[in-house]
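Student: Everything below, folded, please.
(one chain, ligands or ions: 1)
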Amino acid sequence: MLRNVLWITATVVLAAAAGLYPSWASRQNEKAAARGRIPDVGFSATPHDVVAKMLKLAEVRRDDLVYDLGCGDGRLVVAAAKQYGCRAVGYDIDPDCVERARRNVKHSGVDDLVRIKQADIFALDLSQADVILLYLLPDLNIRLTPQLEKLKPGARIVSHEFGMGVVEPDLVVEHVSAEDNRPHAIFFWTAPLKKK
Ligand SMILES: C[S@@+](CC[C@H](N)C(=O)[O-])C[C@H]1O[C@@H](n2cnc3c(N)ncnc32)[C@H](O)[C@@H]1O
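Tutor: Sure thing, here's the model as predicted:
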């Protein structure tokens with residue numbers, strides 16, 4: 001009996017908290033969605049000179065909020081904060097990447113500007129972002145399209161290596177990295193997205 005009363009009380013309190021604090025509720029949803037999920041693609045790092053090129057293409061400004069969807073070791077969000085002084089959030093589903101990225105942020109001295117969150121990128125609300133950075137896979141970029149279609153007008157998306165199906169890029173450039181001597185494609189879009 002007492003257990004039932006405690007259970008009901010806890011449920012009511014949590015439901016009330018979720019209603020009163022929607023951002024708290026959405027954070028809990030993001031965490032729940034991320035828990036136990038296998039990454040849709042494994043960690044592979046963008047060379048640093050390609051990162052610099054991506055940020056330049058996005059014309060990142062100090063007052064921008066930059067997201068890296070699948071942030072790996074956090075190099076893109078760290079570079080954005082260091083070079084442009086903007087706020088940035090790196091999301092990753094893999095707890096090892098999250099830990100590594102958080103260490104990188106701390107070590108780079110940008111913890112006042114950068115947050116690393118464990119979350120499934122497909123459960124995120126992207127409406128606050130000014131710049132979205134991607135290095136995923138073509139089918140994952142396509143899967144993200146419904147979320148990217150809700151970006152505010154003028155928001156920029158930059159993807160290392162892969163396009164987004166029928167969504168027409170504004171620009172595609174190639175950069176030969178000094179790190180691996182390989183050409184890297186960089187795709188650029190601005191919101192609202194345009195379909196071919
Ligand atoms: C190719 S790596 C890119 C890392 C980093 N953005 C870069 O360019 O150096 C892709 C990252 O996406 C993460 N990832 C895969 N599926 C994910 C998902 N559904 N939600 C969040 N992160 C995911 C992986 O753990 C991995 O770290």
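Student: alpha carbons only for contacts and neighbour counts from here, please
Tutor: OK.
Student: what about stretch 117-128 and the ligand, touching?
Tutor: Yes: shown here: stretch 117-128 in contact with the ligand (C-alpha under 6 Å from any ligand atom) through 119-122.
Student: ugh, wrong one, stretch 47-61
Tutor: No: Stretch 47-61 lies out of reach of the ligand by C-alpha under 6 Å from any ligand atom, never closer than 7.2 Å.
Student: Check stretch 131-148 too.
Tutor: Yes: counting by C-alpha under 6 Å from any ligand atom, the ligand is contacted by stretch 131-148 at 134-136.
Student: what about dumping the CA coordinates of that stretch to CSV?
Tutor: C-alpha atoms of stretch 131-148 as CSV (Å, rounded to 0.1, in the frame of the first residue of the first chain):
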residue,chain,number,x,y,z
VAL,A,131,25.3,26.5,-37.9
ILE,A,132,25.1,22.7,-38.2
LEU,A,133,28.2,20.7,-38.9
LEU,A,134,28.0,17.1,-40.2
TYR,A,135,30.3,14.2,-40.9
LEU,A,136,28.0,11.2,-41.1
LEU,A,137,26.9,9.2,-44.1
PRO,A,138,24.7,10.1,-47.1
ASP,A,139,21.6,8.1,-45.8
LEU,A,140,22.0,9.7,-42.3
ASN,A,141,22.1,13.2,-43.9
ILE,A,142,18.8,12.3,-45.7
ARG,A,143,17.3,11.0,-42.4
LEU,A,144,18.1,14.3,-40.8
THR,A,145,16.3,16.3,-43.5
PRO,A,146,13.0,16.7,-41.6
GLN,A,147,14.9,18.2,-38.7
LEU,A,148,17.1,20.4,-40.9
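Student: Just the ones in strands from the residues of stretch 131-148 next to the ligand, please.
Tutor: Judged by DSSP state E, the residues of stretch 131-148 next to the ligand include residue 134 as members of strands.
Student: Among the residues of stretch 131-148 next to the ligand, which one lies nearest to residue 60?
Tutor: Using C-alpha to C-alpha, residue 134 comes nearest to residue 60 of these, at 14.8 Å.
Student: Just checking: what are the partner strands of the helix or strand that residue 184 is a member of?
Tutor: Element membership for residue 184, per DSSP states H and E: strand 183-190. Here strand 183-190 is paired, per DSSP bridges, with strand 156-160 (antiparallel), strand 171-176 (antiparallel).
Student: Reformat these as a markdown table; add mean pLDDT and mean neighbour count.
Tutor: Shown next, in a markdown table, are the strands paired with strand 183-190 (pLDDT from 0 to 100; neighbours: other C-alpha atoms under 10 Å):
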| stretch | mean pLDDT | mean neighbour count |
| --- | --- | --- |
| strand 156-160 | 98 | 24 |
| strand 171-176 | 98 | 14 |
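Student: re earlier: reformat the residues of stretch 131-148 next to the ligand as TSV; add neighbour count.
Tutor: Shown next, in TSV, are the residues of stretch 131-148 next to the ligand (neighbours: other C-alpha atoms under 10 Å):
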residue	neighbour count
134	23
135	23
136	21
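Student: if we can go back for a sec, make JSON lines from the strands paired with strand 183-190 and add distance to residue 113 to it.
Tutor: JSON lines is the format used below for the strands paired with strand 183-190 (distance: least, C-alpha to C-alpha, whole Å):
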{"stretch": "strand 156-160", "distance to residue 113": "19"}
{"stretch": "strand 171-176", "distance to residue 113": "28"}
